[in-house]
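# only the shape, not the letters, is given here:
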C-alpha cells in the first residue's frame, strides 16, 4: 500500500514544478521534448554557414552545430535551475533561434562569420541587461499584451507545422509518402491520447514520433548518411572565429534581440498561464530574459548563434501538463551529451520532416489555444478586443502579404525587423495600443 502511494506521489510530481518524480519517470518526457525540437535546432546554423562569404565547410558547420547544442543544453538546464538572477525556474527548453537567420545570414555574407560572432556576443549582453532591468519596464507588459503575443506566436507557427508535414523544403514536398507518414504520426498521437489512461497518456508525442519514424523507414525516407560523419567524441572550441564588431550589424541585430525577448516572454507567459494558471512573477521575468541573453553570449563564445525558448516545447508542455523542472534539467543534459557525442545528435537528426510535422500540428495548436485562454483571462472588454483585433490582423495580414510588396517602401532596416516576423509586428502594435488607448473606453461606451 505504501509503495503504491509512493508511485502515485511521484506521478503527481510530474505535474508540478517542485518534487522529484525520479529519473525513470522523467526520462521519457525529456526524450519526447528533445525529439520534438531536435531537427529544428540544427537547421539555422546550416543556413547561416552556407550564406557566409567565404562559405563555411561542412566540417565547420557540423562543429558549430555541436557547440550550439551544448550552449542550448546548458541554457535549458540553468533556465530550470536558477543561479542568482539567471533562469526562471520554469521548464523552458532553449534552442537555436530561427528569428535571427535572415539578419545573421546577411551579416555573414557581407562581413564573414567573425562579424556574426561579434554581433551575437554584444546582442546577448544587451538582452541580459534588459532582463536585469525588468522592474523598470515590466508595467508596460499588460496581460492583454502578453496574451496577444502568445496568440501571435501560435498563429505564426501554424505554417511551419504544415510545411514540415508535407516534407519541408524537399523536392518531394506534398508527396503521397510524406502525407502518409505525417498522417500516421498524427493519428498515433491522437489514438494514444484517447485509448491510454494515467500519466502514460502524456507520452503520445513520443509514440507518434516512433510510429512515424517506422513509417518513414518503410518508405526508405530515413537518411543515415550523417551517422558516418565526425568523430565519436568532440569538445567545443572557444572562439573558433575571431569576433568582428561592426556597428551597423550590431544595431540591426540588437533590435531583433528585442523581438526574441518578446517571444521568450510570450512562451514563459504561456506556461505560467496555460499550465500553472497564474501570471509570471518578476523573478521569473528577469530570469527568463537574462538566460535568454547570456545563454546566447555563451553560444557565441563557442561560435554558435543566439539561443532562445522553443515554442514547440512550450506547446508540448501545455498539452501534457508535465511541468516538472527535472524534465527540462534532464533534457538539457541530453542536449549537452548530444553536443559532446556527435553520433547521438546525428541519429536524432535522422527524423524526417513529415514525422516532425505530424507532431507539430498538435503541439503548436496548443500555443494558439493558450493565447485565446489568456485573452479571455485579460477580459473581453472593448479596449482589449480592439488591441487584439488590430495587432493580430495587421501582424498576420501584413506578413502574409509580403509578396505583394506592402513593406517595399519602408527602410531596409524596418523591413528586416517586421516584413517576415509576425510576432514583432504584433508586439509593437499591442504595446503601443495599450499605451495610447484610454483606460476608460468601456465606461465611455456605456
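Done, it's in. Every value quoted in this text rests on a predicted model; they were computed, and no experiment measured them. Residues are numbered from 1 along each chain as shown.
# sketch out the helices for the stretch 151-300 of the chain, chain order is fine.
Using DSSP state H, counting those that start in this stretch, the helices of the stretch 151-300 of the chain run over residues 176-195, 204-218, 247-274, 282-301.
# just checking, residue 202 touches residue 321?
Yes. Assessed by CB atoms under 8 Å, residue 202 is found in contact with residue 321 at 6.9 Å. Every C-beta, even on glycine, is put in place using the N, C-alpha and C of the backbone.
# looking at those two, which is more packed in?
A count of neighbours by other CB atoms under 10 Å puts residue 202 above the other of residue 202 and residue 321, at 21 against 15.
# how near is the more buried one to residue 28?
9 Å (CB to CB, to the nearest Å).
# hmm, back to that, adding distance to residue 361, mean neighbour count and mean pLDDT, write the helices of the stretch 151-300 of the chain out as a markdown table.
A markdown table is the format used below for these (distance: least, CB to CB, whole Å; neighbours: other CB atoms under 10 Å; pLDDT from 0 to 100):
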| stretch | distance to residue 361 | mean neighbour count | mean pLDDT |
| --- | --- | --- | --- |
| helix 176-195 | 6 | 19 | 94 |
| helix 204-218 | 10 | 20 | 93 |
| helix 247-274 | 18 | 22 | 84 |
| helix 282-301 | 27 | 25 | 95 |
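# make JSON lines out of the ones you listed and add distance to residue 440.
Putting the helices of the stretch 151-300 of the chain into JSON lines (distance: least, CB to CB, whole Å) gives the following:
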{"stretch": "helix 176-195", "distance to residue 440": "45"}
{"stretch": "helix 204-218", "distance to residue 440": "46"}
{"stretch": "helix 247-274", "distance to residue 440": "26"}
{"stretch": "helix 282-301", "distance to residue 440": "27"}
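# which stretch among these comes nearest residue 434?
helix 247-274 (13.4 Å; CB to CB).
# the closest one vs helix 282-301, what angle?
140 degrees (axes from the mean of the first three to the mean of the last three CA atoms, to 10 degrees).
# spell out for me which residue occupies the centre of this protein.
Among the residues of the chain, the one closest to the centroid is residue 310, at 1.5 Å (CA atoms, centre = their mean).
# give me the phi and psi for the nearest residue to that residue once chain neighbours are set aside.
Leaving aside its sequence neighbours, residue 310 sits nearest to residue 95 (CB to CB, 6 or more residues apart in numbering; 4.4 Å). The phi/psi pair for residue 95 (degrees, to the nearest 10) reads phi -150, psi 180.
# ok, what's across the strand from residue 95?
residue 308 (DSSP bridges).
# surely it meets residue 314?
No. If you go by CB under 8 Å, residue 95 and residue 314 don't touch, sitting 11.3 Å apart.
# looking at these two, which one has more neighbours?
More neighbours surround residue 314 than the other of residue 95 and residue 314, with 31 against 27 (other CB under 10 Å).
# one step back: figure out which of the helices of the stretch 151-300 of the chain is closest to residue 12.
helix 247-274 (18.4 Å).
# now residue 192, nearest residue through space, not along the chain?
residue 204 (4.0 Å).
# what's the distance between residue 313 and residue 106?
Distance from residue 313 to residue 106, by CB to CB: 28 Å.
# among the two, which residue is more densely surrounded?
Between residue 313 and residue 106, counted using other CB under 10 Å, residue 313 has the larger neighbour count: 26 against 17.
# residue 209 versus that one, what's the distance?
From residue 313 over to residue 209 (counting by CB to CB), the distance is 14 Å.
# give me the common contacts of the two.
residue 36 (CB atoms under 8 Å, 6 or more residues apart in numbering).
# pretty sure residue 182 sits against residue 358.
Yes. Applying CB under 8 Å, one finds residue 182 in contact with residue 358, separated by 4.2 Å.
# what do the two both touch?
165, 212.
# any stretches of the chain with poor pLDDT?
The model of the chain has pLDDT under 70 over residues 1-8, 39, 229-230, 401-405, 413, 416, 420, 442-446.
# circling back to that earlier point, contacts only, for the residue nearest to residue 192.
Residue 204 neighbours (CB under 8 Å, 6+ apart): 188, 189, 190, 192, 193, 196.
# let's have these in a markdown table, adding distance to residue 134.
Shown next, in a markdown table, are these (distance: CB to CB, whole Å):
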| residue | distance to residue 134 |
| --- | --- |
| 188 | 42 |
| 189 | 37 |
| 190 | 40 |
| 192 | 40 |
| 193 | 37 |
| 196 | 41 |
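# what is the burial count for residue 200?
Neighbour tally, residue 200, other CB under 10 Å: 13.
# next one: residue 385
Neighbours of residue 385 (other CB under 10 Å): 13.
# please name the nearest non-neighbouring residue to residue 303.
Residue 303 sits nearest to residue 240 (CB to CB, 6+ apart), 4.2 Å away.
# tell me how far that neighbour lies from residue 27.
Taken as CB to CB, the span from residue 240 to residue 27 is 32 Å.
# which phi and psi does the nearest residue to residue 100 once chain neighbours are set aside have?
Nearest non-adjacent residue to residue 100, counting by CB to CB, 6+ apart: residue 306, 5.2 Å away. Backbone geometry at residue 306, expressed as degrees, to the nearest 10, gives phi -60, psi 140.
# which ones are touching residue 306?
Neighbours of residue 306 in contact, by CB under 8 Å, 6+ apart: 96, 97, 99, 100, 120, 123, 124, 257, 260, 296, 299, 300.
# also residue 10?
19, 20, 21, 22, 25.
# so how far is residue 67 from it?
35 Å.
# quick one on the thing from earlier: so what's the residue nearest to the centre of the chain up against?
Per CB under 8 Å, 6+ apart, neighbours of residue 310: 37, 40, 41, 92, 93, 94, 95, 267.
# near residue 158, how many other residues are there?
The burial count for residue 158: 15, using other CB under 10 Å.
# distance of it from residue 349?
24 Å.
# which ones are touching the residue lying closest to residue 127 once chain neighbours are set aside?
Of all residues not flanking residue 127 in the chain, residue 293 sits nearest, at 3.0 Å (CB to CB, 6+ apart). Residues in contact with residue 293 (CB under 8 Å, 6+ apart) are 123, 124, 125, 126, 127, 128, 129, 130, 131, 257, 261.
# for the contacts of residue 310, which single residue is the most surrounded?
residue 94 leads these on contacts (other CB under 10 Å) with 33 neighbours.
# what helix or strand is the closest residue to that residue other than its chain neighbours on?
Take residue 94 and drop its neighbours on the chain: the residue closest to it by CB to CB, 6+ apart is residue 75, 4.0 Å away. Element membership of residue 75 [criterion: DSSP states H and E] is helix 58-80.
# what residues sit buried inside that helix?
Within helix 58-80, the residues scored as buried using 16 or more other CB atoms under 10 Å are 60-80.
# now that helix: how far from the chain's centre is it?
Averaging C-alpha positions (CA atoms, centre = their mean, to the nearest Å) puts helix 58-80 14 Å from its chain's average.
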